[in-house]
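Asks: I would like the atomic coordinates for the input below:
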Amino acid sequence: MTEQANMVAFEPLAFEPLLSDAEAAKFLGGLHPKTVQRMARHGQLPSYRIGRYWRFRASELDQWLRVQSRCQHPPAQIRKEIQ
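Replies: Okay, the predicted model is just below:
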């Protein structure tokens with residue numbers, strides 16, 4: 001067999017720039033960046049820790065949003081104001 005016949009054909013991976021916490025917060029509908037950091041720290045968002053910074057892939061956040069929007073959560077209870 002030739003060397004070319006042994007090679008497996010694969011598709012090169014597309015480069016996807018990582019988003020900062022502020023960019024991810026905006027992508028997620030205007031959350032506060034600190035909220036995004038906290039969710040990443042608790043493992044609630046797909047994220048990467050690079051040094052002391054959190055980074056996010058837009059494709060993974062998009063997929064996470066789609067899964068979360070399909071979940072059937074009961075509506076949040078309305079807090080009553082104490083007068």
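
Asks: output the contacting helices and strands for the helix ranked longest in the chain.
Replies: Under DSSP state H, the helix in the chain containing the largest number of residues is helix 58-70. Applying 3 or more C-beta pairs under 8 Å, 6 or more residues apart in numbering; DSSP states H and E, we find helix 58-70 packed against helix 21-27. Any C-beta I mention is one placed from the backbone N, CA and C, and that applies to glycine too.

Asks: now the helix it packs on: buried residues?
Replies: Neighbour-count burial for helix 21-27 flags Asp21, Glu23, Ala24, Ala25, Phe27 (criterion: 16 or more other C-beta atoms under 10 Å).

Asks: cool, stretch 45-53 as well?
Replies: Across stretch 45-53, burial judged by 16+ other C-beta under 10 Å covers Leu45, Ser47.

Asks: for Tyr53, give the beta-bridge partners.
Replies: Ile50 (DSSP bridges).

Asks: list of residues touching the longest helix of the chain?
Replies: Helix 58-70 has contacts (C-beta atoms under 8 Å, 6 or more residues apart in numbering) with Glu16, Leu19, Ala24, Phe27, Leu28, Leu45, Pro46.

Asks: my guess is the second one meets Arg57, correct?
Replies: So the one you mean is Leu19. Yes: here Leu19 lies in contact with Arg57, judged by C-beta atoms under 8 Å, at a distance of 7.2 Å.

Asks: what is the burial count for Met39?
Replies: When neighbours are defined as other C-beta atoms under 10 Å, Met39 has 18 of them.

Asks: which non-adjacent residue is nearest it?
Replies: With C-beta to C-beta, 6 or more residues apart in numbering as the criterion, Met39 has its nearest non-adjacent residue at 4.5 Å, and that residue is Leu45.

Asks: sorry, back to before: would a markdown table of the contacts of helix 58-70 with distance to Val36 and pLDDT be doable?
Replies: Formatted as a markdown table, these follow (distance: C-beta to C-beta, whole Å; pLDDT from 0 to 100):
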| residue | distance to Val36 | pLDDT |
| --- | --- | --- |
| Glu16 | 18 | 91 |
| Leu19 | 9 | 97 |
| Ala24 | 5 | 97 |
| Phe27 | 9 | 96 |
| Leu28 | 7 | 95 |
| Leu45 | 7 | 96 |
| Pro46 | 11 | 96 |
